[in-house]
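Engineer: Provided below are the primary sequence and the corresponding predicted coordinates.
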Amino acid sequence: MQTPDNKRGNTKNNSAVNDNVIAKLAENLRCQYLNSMGIQTWFDPLLVAPSSSVLPVQEVTARQTESQHAVPGTTQVDEPVQIKPEKIISDSIAITPSGSTQINPIDNIAVISISIEKCELCELHTARQQAVTGEGNVDAELFIIIDAPVKEIKDENALLSVEDKQMLQAMLQAIGYSISSAYITSLVKCRPPEQRAPYTSEMICCDEHLSAQIKQVQPDVIMVLGEQASQQLLVSQKGLTDLRLRQYKHLGIPVYASYHPGDLFNSSETKRKVWADLLQINKQLI
């Protein structure tokens, strides 16, 4: 017959054994047990690094098979399950409902351009000979947006006609800025047929491409040129007269609306308005 002191001693020894078992319990098994009891757990899978003590996948499978045919009454020891690094990596990739991977903002311009060239979200891709992704300095302080690339026979990658590009160069030089220092792109990346204006639905389909470019370049200011492009980017139905001379924000970056270079020819009044717009932009670039 055990004395009370002996009972307390046995209880203490049993407690120590239990504590030792709990301490050795693998983290992933602990989570399995807690989940089976309806207790939600959180852990960082990157912290559960495979080690030499983790059984190979083939051996774990064999142990699990043996446990299914275990003799009743015997104790089975659960082994840690190996977490494959490739599984962790694949879980970090976001998949859209359509099954395509989302554009990661840290991807460089070249990767984004490849995504644009493969895009089939709108009907423009059916007549596309080549997408026009953008041009200029990928570390630009000034990010310029137009509505759509033009048809330029001499240059399939042209966003602007030769005349319009020369006018834009003159506009930027007025504030001491070079066109080669800016990054220029368009709301739609494929030329609309017969030089028509892009449809709203087509511009919406290119939203993610444009956002990825802006996040990659990380400019100090965005200049959107032309009434249609300004209305689309700023989500407004106001005319360019009302949208000008005000600062907006897109993805946290200051935005200013102004006229398309093609609107400046033979119009001194428009040139004066653009000069006022450029002075506001210059304040952001200083």
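Structural biologist: Received it, and whenever you're ready, just let me know what you need. Residues are numbered from 1 along each chain as shown.

Engineer: so where do the helices sit in the stretch 151-286 of the chain?
Structural biologist: For the stretch 151-286 of the chain, applying DSSP state H, counting those that start in this stretch gives helices covering 162-173, 200-205, 207-217, 227-234, 240-243, 268-285.

Engineer: and the fourth one, what does it pack onto?
Structural biologist: Here helix 227-234 is seen to pack against strand 142-146, strand 221-225, helix 240-243, strand 248-250, strand 253-258 when contacts are counted using 3 or more CB pairs under 8 Å, 6 or more residues apart in numbering; DSSP states H and E. In short, each C-beta sits where N, CA and C put it, glycine included.

Engineer: now with 7 Å, please.
Structural biologist: Under the contact criterion of 3 or more CB pairs under 7 Å, 6 or more residues apart in numbering; DSSP states H and E, helix 227-234 touches strand 142-146, helix 240-243, strand 253-258.

Engineer: give me whichever of those is most buried.
Structural biologist: Ranked by mean neighbour count, those are led by strand 142-146 with a mean of 26 (mean count of other CB atoms under 10 Å).

Engineer: next, the angle from that strand to strand 253-258.
Structural biologist: Interaxial angle of strand 142-146 relative to strand 253-258 (axes from the mean of the first three to the mean of the last three CA atoms, to 10 degrees): 50 degrees.

Engineer: what does strand 142-146 contact?
Structural biologist: With CB atoms under 7 Å, 6 or more residues apart in numbering as the test, strand 142-146 has contacts from 159, 177, 182-187, 214, 217, 219, 221-226, 229, 233, 260, 285.

Engineer: please apply the same query to stretch 258-269.
Structural biologist: Contacts for stretch 258-269 (CB under 7 Å, 6+ apart): 146, 160, 164, 167-168, 171, 223, 225-226, 240, 244, 270-271, 273-274, 277.

Engineer: do that again at 6 Å, thanks
Structural biologist: Residues from elsewhere that reach stretch 258-269 (CB atoms under 6 Å, 6 or more residues apart in numbering): 164, 167-168, 225-226, 270-271, 274, 277.

Engineer: any idea how far residue 161 is from the residue nearest to residue 234 when sequence neighbours are not counted?
Structural biologist: Using CB to CB, 6 or more residues apart in numbering and skipping the chain neighbours, the partner closest in space to residue 234 is residue 248 (5.4 Å). Distance, residue 248 to residue 161, by CB to CB, to the nearest Å: 27 Å.

Engineer: so where's the stretch 51-200 of the chain shaky on pLDDT?
Structural biologist: 51-107, 153 (pLDDT under 70).

Engineer: apply 90 and report the result again.
Structural biologist: Counting by pLDDT under 90, the ranges of the stretch 51-200 of the chain that qualify are 51-110, 127-130, 151-157, 194-195.

Engineer: about what we covered before: ok, of the contacts of stretch 258-269, which come out buried?
Structural biologist: 164, 167-168, 225-226, 271, 274, 277 (16 or more other CB atoms under 10 Å).

Engineer: possible to save these as a markdown table with distance to residue 264?
Structural biologist: Shown next, in a markdown table, are the buried ones among the contacts of stretch 258-269 (distance: CB to CB, whole Å):
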| residue | distance to residue 264 |
| --- | --- |
| 164 | 9 |
| 167 | 6 |
| 168 | 9 |
| 225 | 10 |
| 226 | 11 |
| 271 | 5 |
| 274 | 6 |
| 277 | 11 |
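
Engineer: if we can go back for a sec, take the contacts of stretch 258-269 and write them to a markdown table, including distance to residue 118.
Structural biologist: Below are those laid out as a markdown table (distance: CB to CB, whole Å):
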| residue | distance to residue 118 |
| --- | --- |
| 164 | 28 |
| 167 | 33 |
| 168 | 29 |
| 225 | 27 |
| 226 | 27 |
| 270 | 38 |
| 271 | 40 |
| 274 | 36 |
| 277 | 36 |
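
Engineer: quick check: the farthest pair among those?
Structural biologist: 164 and 277 (16.4 Å; CB to CB).

Engineer: returning to that earlier point: of the contacts of strand 142-146, grab the buried ones for PyMOL.
Structural biologist: The PyMOL selection below is limited to those of the contacts of strand 142-146 classed as buried (16+ other CB under 10 Å):
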select buried, resi 159+177+182+183+184+185+186+187+214+217+219+221+222+223+224+225+226+229+233+260
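
Engineer: nice, that's everything, thank you.
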